[in-house]
Structures are given as C-alpha cells and as structure tokens.
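[1] build me a structure from this.
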Amino acid sequence: MREFYKKHWNAITNIALLLATLIIATVAFKLIIPYFLPFLLGLILAVVIEPLVNLFLRLKMPRPAATGMALLVAMGSLTAITWFAVSKIIVELAKFIANAPSYTKMLKSLTFVLIQWIQSLTQDLPPEFVSHLNKNTEKLTEIFSDRLSMLAREILRMITTLPNQLLIVIIILIATFFISKDLLKLKSRVVSSIPLEYHSKLKIMTDDLYRATIGFIRAQMILSAITGMVILVGLVFLHSEYVVTVALLGGLVSPIPVLGVGALFVPWIIFSLLGGNNYLALGLVILFAVVVIVKHSLEPKVLGENIGIDPLSVLMALYVGYELLGVYGFILGPFVLITYNALLKAKAFAWIFADEANKQQDTSGDN
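    Residues are numbered from 1 along each chain as shown. Model prediction:
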C-alpha cells in the first residue's frame, strides 16, 4: 500500500487539490449566485441568441444593431407565445372558477363518503385503535390545511414580488445585450490571457460547450413541446376541460426529474376515481402511460443527438443542482455537467497524471 502511495503521490495530491478547489468553488458559488445570477443568465442568453445575431450580421448590420434585432425578435416571439398561452389560461381559469362551487360540493360529498366508509370499517376495532386513527386523521387534516395556507401565502408573495421580478428581467435583458454586443471582444480577451500552447484545448472546450449548451436547450424544448402536444391531443379526445392549461403545464413540468407530468396526472386520476368518473380516470391513466412511454423513448435519442450526454447523467445533474441551489439548480446543474464534459474532451485534466506519464517516458528512454 505504501508503494502505491509513493508511486502515485503526485496524482493523488493533484486529485485532492482538484476536489478541494471544487468544494470551495461550490460553496462560494452557492453564496454569491443570488447576486450574479442575472448576469450569468445574461451570458447564457447571449450564447443562445448568437446564431440569430450572426444571421443579422450577414445582412451587413453592425454588431450592436444585430444584437438589438436578435434580442427584439427573440423576446418578441417569446412574448407573443406567452400572451397567447396566458390568454387561453385566463379563459380556462375563469371557467374553472365558475365551476369551483360544484367541485367544492363534490369534494365535500367525497369526504363524507370516505368518513362513513372508515367508520364502517372501524366498528369492530378496539376503541383505543379508533381513537388513535381519529387523532392521526385530524393531524393529517391539519397538515393538509397548513400546506394549503402555505401555498396561498407563496402565491401571494409571488404576486407582491412581481415588480422586483420585472426589474430582474430588465437587468437580464440589458446584461444580455451588452454581453452579446461585446461577445467577440470578451472572447479575444479571454484567449489572449491564456498561454498559446493551451489555445487548441480552449477551442475544443468552447466549441463543445457552445454546441452542448444550445443542444441541451433545444433538446428540452423539443421534449417539452412533444409532451405538451401529446397531452393536448389526448385531452381533446377525452373531451376534457382546461385542455390548453393542462397541456402547457405538462410541457413546463416535463423536464423536472422524478415528478414531471406525474404531479399533474396522479392527483387528477385519483380525484376522477373518487368522483365516480371512471371513463375520465381510465383515459387519463392511458394518456399518462403514453406520455411517459413517448418521452422516455425519445429522451435518449434527443439528448444524445443534441448534447452527447446520456440521460442518467443529466438526471443526476438536475437532482444535485436542485439539492445544492434549489430551483436555480435546474438551470445550472446541466450547465456544469456540460462544462465538465467539455473539459474532459479538451483533456483539461491530463495534468493530474502528467508526472506518471513523464516518469514512464523517462523509464522507457533509459531502457
């Protein structure tokens, strides 16, 4: 064992230094990310709209004008899509609010039937067990009420912070404009600050990073769009209400690991079964199965073609990112994975075992 450590001491030291650097960088990143997130998102958006900027540059536009036009087209398209979606959602939400009293009445009747069923089951049970069961039921009811109150407070907090969120969006857009406008200058500054012998590795890394970042965003958009369309078509066949709202929500939550569209379908299926709407429940089960099968069948191919990273690694990146940084981790987790993969392809970690390789070369030279 001592011989192993003696032989590979330099590599072990380099790995330890690399791990320590990663830990320190993660802690520092977690502390400073709230302050620099708008500018980081601005950098990502600048990279995303770069193909559109290049398109306008071919029309002999100066770089600032091309950047402004690309940002205007991207934001205009996003605003138009959002406006259409929100208008449809408002119509369906108004319909839902109008039907809310009937849903509440149905829920109360279901609760009454459930209580009667539980009481019929507990008639022959010991009184102590029944008392314990009632207490636990009351606790569950209190927990459910608390969760609803927390949800209401969170929605209210989000509404009250909309002006602040709008300010953040404006800062992100301004940062995107200035970063995209000076992207070539920033790139040349970074390249000039790096020794010449590392330029080839840097080019490999940046090219792969750019391709994989755009590919990951494209892949998620494709998968979300397919998920939303499958849900939309399925709900139309089921003659369901709130088709557009549910389809949009399904597309939005599709990239979320573990939960995904299940967070929409499972409660809906249970509610339909308890309400006696077995036809809708069966249709939702079939639709849910189709969505899961289609998504998981296409996911490896779409992700593999666009970023060259297997879905399990992406899932791990999403989960670890969420655990470390919360919601922001859904964005930054895959980005870190893409960066790491680009560094591997550029052989950026070759220095770890450089001493062992040099020793082997010296040994072979002596022989």
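[2] next, the nearest residue to Ser272 once chain neighbours are set aside: secondary structure please.
    Take Ser272 and drop its neighbours on the chain: the residue closest to it by CB to CB, 6 or more residues apart in numbering is Ala281, 3.9 Å away. C-beta here means a position set from N, CA and C on the backbone, and glycine is covered the same way. At Ala281 the chain is in helix, as set by DSSP: H, G, I helix; E, B strand; the rest coil.
[3] check contacts around Ala281.
    Ile269, Ser272, Leu273 (CB atoms under 8 Å, 6 or more residues apart in numbering).
[4] thought the first one was touching Leu284?
    Which is Ile269. Yes - with contact defined as CB atoms under 8 Å, Ile269 reaches Leu284; the gap is 4.8 Å.
[5] more neighbours: which of the two?
    Taking other CB atoms under 10 Å, Ile269 and Leu284 do not tie; Leu284 has more neighbours (24 against 19).
[6] in the strand or helix carrying that one, what's buried?
    If you go by DSSP states H and E, Leu284 is part of helix 278-307. Using 16 or more other CB atoms under 10 Å as the burial criterion, the residues of helix 278-307 that qualify are 280-281, 283-284, 287-288, 291, 295, 299, 302-303, 306-307.
[7] on that earlier part again, could you measure the residue nearest to Ser272 against Leu287, distance?
    From Ala281 across to Leu287, the span is 11 Å (CB to CB, to the nearest Å).
[8] burial measure for Met75, as a count.
    Residues near Met75, counting by other CB under 10 Å: 15.
[9] list the contacts of it.
    Counted by CB under 8 Å, 6+ apart, Met75 has contacts Leu173.
[10] ok, it to Val48 distance?
    Distance from Met75 to Val48, by CB to CB: 12 Å.
[11] and if you look at Pro34?
    22 Å.
[12] quick one: which of the two has more around it?
    When neighbours are counted by other CB under 10 Å, Val48 comes out ahead of the other of Pro34 and Val48, with 18 against 10.
[13] wait, isn't that one in contact with Arg218?
    No - when contacts are counted by CB under 8 Å, Val48 is not listed as touching Arg218 (9.5 Å).
[14] which residues touch Pro51?
    The contact partners of Pro51, taken as CB under 8 Å, 6+ apart, are Ile214.
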